[in-house]
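Participant: no sequence on this one, just coordinates:
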């Protein structure tokens, strides 16, 4: 308990210095990059209500080639369909992630093949690493003993948390077969049980805390 209190004091003194924000990536290719519109506001509200952090209550929306894209250290993308980066976007995303940025990509069922293809263009020499249940991302704030929660079932596959690293720093987390974003949505959208929604929101908090403190 003392260790947890020291941790919270340390992280709150750092993160209260400025308001945390999430920038949703508007990508090309025809995929619905804008899906789950209530998800990020709900996650940010949960973060504000249940942790010492101060977060901007609404998401920002950017294209990777925007002049201010590198000012958002925490990027998020999701969707059901095709993802396509232009050559300039490939360069921009690589630069952001290599310069202290972080990307959380959440497959909303349908973007897997194209997302993996595009990330190979961004980092052709990096391979996705599957995170075990004892990885620190599952205990950075809440204890997620079973790892990534399963919000919706599609192909009878377990949820997977996959990451790219630069040295020891995680620069990208890809949540697959989980549908975290659906779990963050308003309760009347998918009618998920409260324990599932709560688990998904807690996992979202863990991802944010890990990304900012690793």
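Facilitator: Looks like it came in fine. Computed from a prediction, not measured in an experiment: that's the story for all the values here. Numbering: from 1, shown residues only.

Participant: okay, CA-based contacts and neighbour counts for the rest of this
Facilitator: Noted.

Participant: in this structure, which spans are strands?
Facilitator: Using DSSP state E, the strands of the chain run over residues 23-25, 60-62, 74-79, 102-107, 129-130, 160-166, 169-176.

Participant: Tabulate the ones you listed in TSV, adding columns for mean pLDDT, mean neighbour count and distance to residue 42.
Facilitator: What follows is the strands of the chain, written out as TSV (pLDDT from 0 to 100; neighbours: other Cα atoms under 10 Å; distance: least, Cα to Cα, whole Å):
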stretch	mean pLDDT	mean neighbour count	distance to residue 42
strand 23-25	98	22	14
strand 60-62	97	16	14
strand 74-79	97	24	14
strand 102-107	97	24	16
strand 129-130	98	14	27
strand 160-166	97	18	21
strand 169-176	98	21	18
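
Participant: Nearest approach to residue 52 belongs to which of those?
Facilitator: The minimum distance between residue 52 and the strands of the chain falls on strand 74-79, with 18.0 Å, by Cα to Cα.

Participant: Parallel or antiparallel, list what pairs with that closest one.
Facilitator: Strand 74-79 pairs in its sheet with strand 23-25 (parallel), strand 102-107 (parallel), by DSSP bridges.

Participant: that older thread, so for residue 31, which of the strands of the chain sits nearest?
Facilitator: When those are compared by Cα to Cα, strand 74-79 sits nearest residue 31, at 6.0 Å.

Participant: for the record, mean pLDDT for stretch 89-99?
Facilitator: On average, the pLDDT along stretch 89-99 is 97.

Participant: got the angle for the top helix by length along the chain vs strand 74-79?
Facilitator: Criterion DSSP state H: the longest helix present in the chain is helix 194-213. Angle, helix 194-213 to strand 74-79, by axes from the mean of the first three to the mean of the last three Cα atoms, to 10 degrees: 140 degrees.

Participant: angle of helix 194-213 against strand 169-176?
Facilitator: 160 degrees.

Participant: Is it correct that residue 55 is in contact with residue 19?
Facilitator: Yes. Assessed by Cα atoms under 8 Å, residue 55 is found in contact with residue 19 at 4.9 Å.

Participant: between those two, who's got more neighbours?
Facilitator: Per other Cα atoms under 10 Å, whichever of residue 55 and residue 19 has more neighbours is residue 55, with 22 against 11.

Participant: OK, contacts around the spatially closest residue to residue 162 that is not a sequence neighbour?
Facilitator: Spatial nearest neighbour of residue 162, excluding adjacent residues (Cα to Cα, 6 or more residues apart in numbering): residue 130 at 4.4 Å. Residues in contact with residue 130 (Cα atoms under 8 Å, 6 or more residues apart in numbering) are 160-163.

Participant: picking up where we left off before, quick one: the longest helix of the chain to chain centroid distance?
Facilitator: Relative to the centre of its chain, helix 194-213 is centred 9 Å away, using Cα atoms, centre = their mean, to the nearest Å.
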